[in-house]
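Peer 1: what shape does this take:
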Amino acid sequence: MNPQIPPGGRITGPRLAVKLGAWRRGGSRQGAADLAAGIELLVLDGQLPLGTRLPAERELAESLGASRTLIGAALDRLRAGGMVASRRGAGSWITSPRTGGLEPALPDGSELIDFGRASPPAVAGLMPAVDVARRALAEHLGETGYSSRGLLVLRERIARRYTERGLPTTPNQVMITNGAHHALVLSLRLLAGPGDRVLVEQPSYPNALEAIRAAHAIPVPVALDPAGDQGWDLAGIEAALRQAAPRLAYLIVDFQNPTGLRLDTEGRRRLGAILARARTPVVVDETMAELDSEGDPVDGPPPLAAFAGNWAITVGSSAKTYWGGLRIGWIRASEELLGRLMSARTGLDLGSPIFEQLVLAELLAEPETLLRQRRQEVRLLRDAMTGALNWYCPQWSFRVPAGGLSLWCRLPEPMSTRLAVAAGNHGVQLVPASRFGVHGGLERWLRLPFTLPADRLFEGVRRLATAATSLHGTSTMDPDLPVT
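Peer 2: Here you go, the predicted model:
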């Protein structure tokens, strides 16, 4: 019986080629296996959802610069594993990876260790804030419950925090959103249309790159140097602004995701001046800004908006500092620009949930106690992760970040995608570094979040060492050595 075709969209050959990145790793005989592994990883990573129709073999061969024989062999492998189904005249499409026996072979008694998300559990003080918010909610039940700008008490406390960090802000310069990603989407809706260019760092946050593409805009990358003193190529940014004339820039200058880099005060002053001269609006993602493992952010560099002026749209979120399930973020911008953003919001949503705003307002009433605790937790987990990597993966190199939630590791060979596939068979979920690049690549790099308990971090790195060994058959460390 022919398999039933599930509903789903179609991915073009060029788009699939971009998602695959540098998929070919072996010789000509290994090409079909490499391609099948790359497509399998995209499915397991959620990039090719169930029902997605694949390009015709001829189109895919042209897009990948491969022979139709290789494409056919790769699809045969995927069909044999239950990852792809086909019907004559209807083409091929993605089926559920769970129905084809492709579940990772987890170690006995073990659970999947998720290194794909840089998200810590809820901060310890969340439930007391929920109790206070529950009582405060009664005051709002006689109202409509809609607030496009957000509750005044929350906007006041966010504005106060910006002022403390060196960016004088009033509540009228703040709008509450449903997370920082929502804030970015609003900014794209207002400032970037189809075909417009958006300057980004390389590497950058994958969901932001996807949001830019979803707006039919074109991300223009400027490479970061994770090993350099500065990190940001300010001359390269200035040249890209001049040559590409982007309508918008998206930057993360506080513990950049994924590299962990932080731009210093002088660099922000220069970057702000460059953006202002080019008259380029910039979305500054401050999701990680409060996660300074070495001190209080109040004592650190001022926000980039302090130097970019009215061209800056600063976005923040409660997700990393307090809890990912508290889906509240915000935009800080000039009143004129904020008014335009509020107009752009019409048609997307009617405001953010009142109860969650009350919870965050309570958390921000006296934020430093909880934030200090969060920073201490993150610092200890960072040190546990670095210790595990030094023990199990001594050939991997990385720079210990002063904040944020992940390490950006340089691998001893280009194997990020292959390692992500192999790690799944050892019970570890990874995001290959190609996801962080505008056009894939970055195969010598890997992001490792340190948001799990320390014992899970050690076990996850031990499994990674085993997976890495399976790729080339040699190792400088016995991955079964006990953790001490």
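
Peer 1: next, the buried residues of the longest helix seen in the chain.
Peer 2: Longest helix in the chain, counting residues (DSSP state H): helix 367-392. Residues of helix 367-392 classed as buried by neighbour count (16 or more other C-beta atoms under 10 Å): 367, 370-371, 374-375, 377-379, 381-382, 384-389, 391-392. All C-beta spots, glycine's among them, are computed from the backbone N, C-alpha and C.

Peer 1: do stretch 211-229 as well
Peer 2: By neighbour count on 16+ other C-beta under 10 Å, the buried set for stretch 211-229 is Ala211, Ile212, Ala215, Ala217, Ile218, Pro219, Val220, Pro221, Val222, Leu224, Pro226.

Peer 1: so can I have TSV of these showing secondary structure, pLDDT and distance to Ala133?
Peer 2: As requested, those are exported to TSV (DSSP: H, G, I helix; E, B strand; the rest coil; pLDDT from 0 to 100; distance: C-beta to C-beta, whole Å):
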residue	secondary structure	pLDDT	distance to Ala133
Ala211	helix	95	29
Ile212	helix	96	34
Ala215	coil	93	34
Ala217	coil	95	37
Ile218	strand	94	42
Pro219	strand	94	38
Val220	strand	92	42
Pro221	strand	92	41
Val222	strand	92	42
Leu224	coil	90	39
Pro226	coil	77	40
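
Peer 1: among the residues you listed, which one lies nearest to Glu413?
Peer 2: Taking C-beta to C-beta as the measure, Glu413 sits nearest to Pro226 out of the buried residues of stretch 211-229, at 17.1 Å.

Peer 1: surely that closest one is in contact with Pro401?
Peer 2: No. Contact between Pro226 and Pro401 fails when scored by C-beta atoms under 8 Å: they sit 9.9 Å apart.

Peer 1: overlap of the contact sets of these two?
Peer 2: Common neighbours of Pro226 and Pro401, counting by C-beta atoms under 8 Å, 6 or more residues apart in numbering, are Thr259, Leu261, Trp408.

Peer 1: would you mark the buried spots in stretch 118-125?
Peer 2: For stretch 118-125, burial by neighbour count (16+ other C-beta under 10 Å) applies to Ala118, Pro120, Val123, Gly125.

Peer 1: CA atoms only: put that stretch into PDB for me.
Peer 2: The C-alpha coordinates for stretch 118-125 follow below in PDB (Å, rounded to 0.1, in the frame of the first residue of the first chain):
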ATOM      1  CA  ALA A 118      20.300  27.700  26.100                       C
ATOM      2  CA  SER A 119      17.500  28.000  28.600                       C
ATOM      3  CA  PRO A 120      17.900  27.600  32.400                       C
ATOM      4  CA  PRO A 121      15.100  26.500  34.700                       C
ATOM      5  CA  ALA A 122      12.900  29.000  36.500                       C
ATOM      6  CA  VAL A 123      14.600  31.300  39.000                       C
ATOM      7  CA  ALA A 124      14.000  30.200  42.600                       C
ATOM      8  CA  GLY A 125      11.900  33.300  43.400                       C
END
